[in-house]
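*Asks:* 3D, please:
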Amino acid sequence: MLAIGCQSAPSLQQQVEARIAGFRGTVGVYAQHLQRGETVAIAADEPFPTASMIKVPILGALLDKVEQGELDYHAELTYTKERLYAGEDLVGAFADGAKVVLAKVAMLMITTSDNTGALWCQELAGTGTAINAWLAAQDCVVTRVNSRTPGREADWRRFGWGQTTPREMATLFVRARRGELISPAASEEFLRCTTRIYWDSHALAAIPPWVHTASKQGAVDASRSEVVLVDAPHGTYVFCVITKDQQDHSWGPDNEGFVLLRDLSALLWRHFEPDLPYAPPDGMQRYW
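*Replies:* Numbering: from 1, shown residues only. All right, here's what the predicted structure looks like:
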């Protein structure tokens, strides 16, 4: 007999599609549970601006130089005021002639998303041209550095500093988690760098703080993005959410893109860890 009124629960893909419906802009999503193989893909191979997520491949190419013996990770560098990229950067606040080790500049590039430090690391990694060659070797077809990279001026005008897809950005983190990004040692350092994140009020805010995560965030007026690897109690999952052409250009925690990042992160946590409910405690918003 035909059962009347019985409906199966919506799939994870359907849940994500329902949440992004009506978003004022374009949304790309890629999520993958590494052990279960369950995936979500929405515009996952479409080019999006990276904003500060471009610092992920900069870090990767930098670590490759260290692994090849071309850079000393603890070499002492000298900061000069000509390197300043105007903003709120810590590296840019150094005194002219200040000494700093490369590892600390790389840490600030990722942890606080320091732009002055990132441009310095981009140069030390061999410039955007070398980083793009490294990306091609990682089978990244779309992810590229555009800024200060000859031949990519048109892409820079369209995407800004860099471009990527949700799938490619997530895959870099998966390779690191599996010890396959450059080498096991470089993979581990990549993960250690990306676990020390200052910007934790978006996707990370929907994940319990006692759970290990590695991530990187990016934001410009019309785009908000985040890639997160979650070592959850019942298995590791990764996701990358990127927006473009956002109508909401505000910068508060209730920006439509930031809210989307938190909501999708919470949705994924509930799906993969249904027996471990979590929500930020009352009053947490004052810290965002």
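
*Asks:* so where's the chain uncertain?
*Replies:* Along the chain, the model assigns pLDDT under 70 to residues 1-7.

*Asks:* for the longest helix anywhere in it, packing partners?
*Replies:* Using DSSP state H to define each element, the chain has its longest helix at helix 256-272. Counting contacts by 3 or more CB pairs under 8 Å, 6 or more residues apart in numbering; DSSP states H and E, helix 256-272 packs against helix 12-20, strand 26-33, strand 223-232, strand 235-244. Every C-beta, even on glycine, is put in place using the N, C-alpha and C of the backbone.

*Asks:* give me the buried stretch members for that helix, please.
*Replies:* Across helix 256-272, burial judged by 16 or more other CB atoms under 10 Å covers 256-258, 260-269, 271-272.

*Asks:* any idea how far apart the tips of stretch 137-146 sit?
*Replies:* Using CA to CA, to the nearest Å, one end of stretch 137-146 lies 17 Å from the other.

*Asks:* can you tell me what sits against it?
*Replies:* With CB atoms under 8 Å, 6 or more residues apart in numbering as the test, stretch 137-146 has contacts from 45, 47, 50, 54, 57-58, 60, 122, 128, 131-132, 135, 152-153, 155-156, 159-165, 168-169, 171-172, 175, 181.

*Asks:* out of these, name the ones that lie in strands.
*Replies:* Counting by DSSP state E, the contacts of stretch 137-146 place 162, 163, 164 in strands.

*Asks:* mind putting these into TSV with distance to residue 107?
*Replies:* Shown next, in TSV, are the ones in strands among the contacts of stretch 137-146 (distance: CB to CB, whole Å):
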residue	distance to residue 107
162	20
163	25
164	22
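
*Asks:* most neighbours, which of the residues you listed?
*Replies:* Sorting the ones in strands among the contacts of stretch 137-146 by how many neighbours each has (other CB atoms under 10 Å) puts residue 162 first, at 32 neighbours.

*Asks:* in the chain, which spans are helices?
*Replies:* Residue ranges of the helices in the chain, as given by DSSP H, are 12-20, 55-67, 102-111, 115-124, 127-137, 153-159, 166-177, 184-193, 256-272.

*Asks:* so residue 199 sits against residue 113, correct?
*Replies:* Yes: between residue 199 and residue 113 there is a contact under CB atoms under 8 Å: 6.4 Å.

*Asks:* tell me which residues in stretch 94-111 are buried?
*Replies:* In stretch 94-111, counting by 16+ other CB under 10 Å, buried: 94, 100, 102, 103, 105, 106, 107, 108, 109, 110, 111.

*Asks:* about what we covered before: give me the contacts around the longest helix of the chain.
*Replies:* 12, 15-16, 19-20, 23-25, 27, 29, 31, 33, 201-207, 219, 223-226, 228, 230, 232, 234-235, 237, 239, 241, 243, 246-248, 253, 277-279.

*Asks:* and if you look at stretch 60-76?
*Replies:* Against stretch 60-76 from outside (CB under 8 Å, 6+ apart): 99-103, 106, 121, 124-126, 130-131, 134-135, 138, 172, 181-183, 185-186, 189-190.
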